[in-house]
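Colleague: whatever this is, show me its structure:
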Amino acid sequence: MKRNDTEMNLNYSESPVYSLLARVLNGMLYSSVFISICAFALTIETYLLADLPVSVPMAVFIFLATLFTYNLSSIQSVLQRRQPTYYPESWWHRHRKAMAIVGLLSIVLATIVYFYFSLRLNFWFVLHLAIISIGYTIPIMYRKKSVQPLRRVPLLKVFLIAYVWAVVTAIFPLIDAGVDIMDFSGVQLLLRRFLFILALALLFDIRDYSYDKHTRTLTVPGLIGVNYTKLLSLGLLLSYAVVVSISESGTIQTALIAAALAAALVVWFSSELKPRVYFLLLADGAMLLHATLVWLVKV
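Modeller: Numbering: from 1, shown residues only. Okay, the predicted model is just below:
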């Protein structure tokens with residue numbers, strides 16, 4: 001869900017092949033390409049679950065928009081010429097200029113895809129999500145005063161992440177396909193996606209527990225503790241499984257519940273002491289697994 005702050009502890013000297021693979025993996029994870037692929041996959045999954053023709057342009061648009069959003073902090077850092085104060089030797093700080101360029105190219109390409117393929121999205125609906133996504137990272141100006149970014153608002157950031165991800169990956173495809181999003185099945189899909197993403201987003205609050213204490217940002221683990229946060233995450237996954245049991249049947253139901261069980265294992269073994277790659281590959285990867293299982297039973 002949001003950017004890592006430190007680099008994987010990988011030894012590049014073991015072999016040329018290992019070094020190349022490690023660098024590629026670092027680049028995919030810390031440039032937010034991997035998380036953007038997850039967004040792409042969840043978008044495809046929505047079309048499959050709703051038995052709609054897959055719109056690759058919509059999935060590409062969401063991939064590019066995600067890549068832009070997750071590299072906003074790089075753009076902001078470069079424009080403000082801000083020096084790193086936390087994990088100054090991380091991969092992100094060493095490559096933030098390149099990531100700023102990637103972010104800017106992403107939004108340009110996303111705009112081209114949007115207009116060239118005439119994606120059917122309500123402008124105002126997209127705008128409110130854009131404001132949330134940008135305001136999450138960049139302080140908003142109000143009456144010539146800078147308001148703190150939304151991620152610094154106590155207890156809010158995981159809910160914003162889950163809301164934006166659920167709407168973008170579950171509702172955007174339905175709107176573009178001309179489906180009534182207020183239909184009961186559409187609401188169920190949105191609820192399921194929100195519960196699943198929120199459960200995973202809480203893990204990143206666990207991951208960033210020390211950083212959030214450093215920045216004096218109150219998060220769920222800071223309020224109720226890490227162990228209770230894990231229990232809350234498991235409770236959300238259980239709620240997700242209940243909704244799936246009610247709304248789906250057959251192999252789709254089995255695939256979605258299997259994805260929830262895999263995510264529950266990631267939650268169960270998570271802790272702040274885990275390597276940060278654990279969260280990037282497994283917590284974010286739970287979304288990719290979710291989409292892959294659906295694809296396997298639908299295609």
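
Colleague: strands of the stretch 1-150 of the chain, start to end?
Modeller: Counting by DSSP state E, counting those that start in this stretch, the stretch 1-150 of the chain has strands at residues 140-142, 145-147.

Colleague: mean pLDDT lowest where, among the ones you listed?
Modeller: Least confident of these, judged by mean pLDDT, is strand 140-142 with a mean of 57.

Colleague: could you pull out the helices for the stretch 51-200 of the chain?
Modeller: Secondary structure of the stretch 51-200 of the chain (DSSP state H, counting those that start in this stretch): helices at 56-70, 72-80, 91-94, 96-116, 123-137, 157-166, 172-176, 184-207.

Colleague: of those, which is nearest Thr46?
Modeller: Thr46 lies closest to helix 172-176 among the helices of the stretch 51-200 of the chain, at 4.4 Å (CB to CB). C-betas here are computed from N, CA, C, even on glycine.

Colleague: so Tyr240, which of the three states?
Modeller: helix (DSSP: H, G, I helix; E, B strand; the rest coil).

Colleague: contacts only, for it.
Modeller: Arg192, Leu195, Phe196, Ala199, Ala260 (CB atoms under 8 Å, 6 or more residues apart in numbering).

Colleague: so for it, what's the pLDDT?
Modeller: Looking at Tyr240, its pLDDT reads 97.

Colleague: thinking again about what came up before, just put the helices of the stretch 51-200 of the chain in TSV and tack on mean neighbour count and distance to Lys298.
Modeller: Output for these, formatted as TSV (neighbours: other CB atoms under 10 Å; distance: least, CB to CB, whole Å):
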stretch	mean neighbour count	distance to Lys298
helix 56-70	23	15
helix 72-80	18	34
helix 91-94	18	36
helix 96-116	17	25
helix 123-137	15	27
helix 157-166	20	20
helix 172-176	22	14
helix 184-207	22	14
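
Colleague: lowest-confidence stretch among the ones you listed?
Modeller: Mean pLDDT across the helices of the stretch 51-200 of the chain is lowest at helix 91-94; the value there is a mean of 70.

Colleague: show me how far it is from its chain's centre.
Modeller: 20 Å (CA atoms, centre = their mean, to the nearest Å).

Colleague: go on, stretch 18-31?
Modeller: The answer for stretch 18-31 is 19 Å, by CA atoms, centre = their mean.

Colleague: just stretch 263-273 next, same as before
Modeller: From the chain centre to the centre of stretch 263-273 is a distance of 17 Å (CA atoms, centre = their mean).

Colleague: who's in contact with Leu49?
Modeller: Leu189, Ile252, Val294, Lys298.

Colleague: may I ask which of the residues you listed has the most neighbours?
Modeller: The most crowded member of the contacts of Leu49, judged by other CB atoms under 10 Å, is Leu189 (26 neighbours).

Colleague: that one - nearest residue in space that isn't next to it in sequence?
Modeller: In space, and not counting its chain neighbours, Leu189 is closest to Ala170: 5.2 Å by CB to CB, 6 or more residues apart in numbering.

Colleague: which residues touch the one you found?
Modeller: Applying CB under 8 Å, 6+ apart, we find Ala170 in contact with Leu42, Thr46, Leu189, Leu190, Arg193.

Colleague: how about those in CSV, adding distance to Pro16?
Modeller: What follows is the contacts of Ala170, written out as CSV (distance: CB to CB, whole Å):
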residue, distance to Pro16
Leu42, 35
Thr46, 41
Leu189, 46
Leu190, 47
Arg193, 41
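
Colleague: before we move on, back to that, closest to Leu265 out of the helices of the stretch 51-200 of the chain?
Modeller: Smallest distance to Leu265 across the helices of the stretch 51-200 of the chain (CB to CB): 11.9 Å, for helix 184-207.

Colleague: ok, now which ones touch the nearest residue to Met28 once chain neighbours are set aside?
Modeller: In this structure, Met28 finds its nearest non-sequential neighbour in Phe34, 4.7 Å apart by CB to CB, 6+ apart. The contact partners of Phe34, taken as CB under 8 Å, 6+ apart, are Met28, Leu280, Leu281, Asp284, Gly285.
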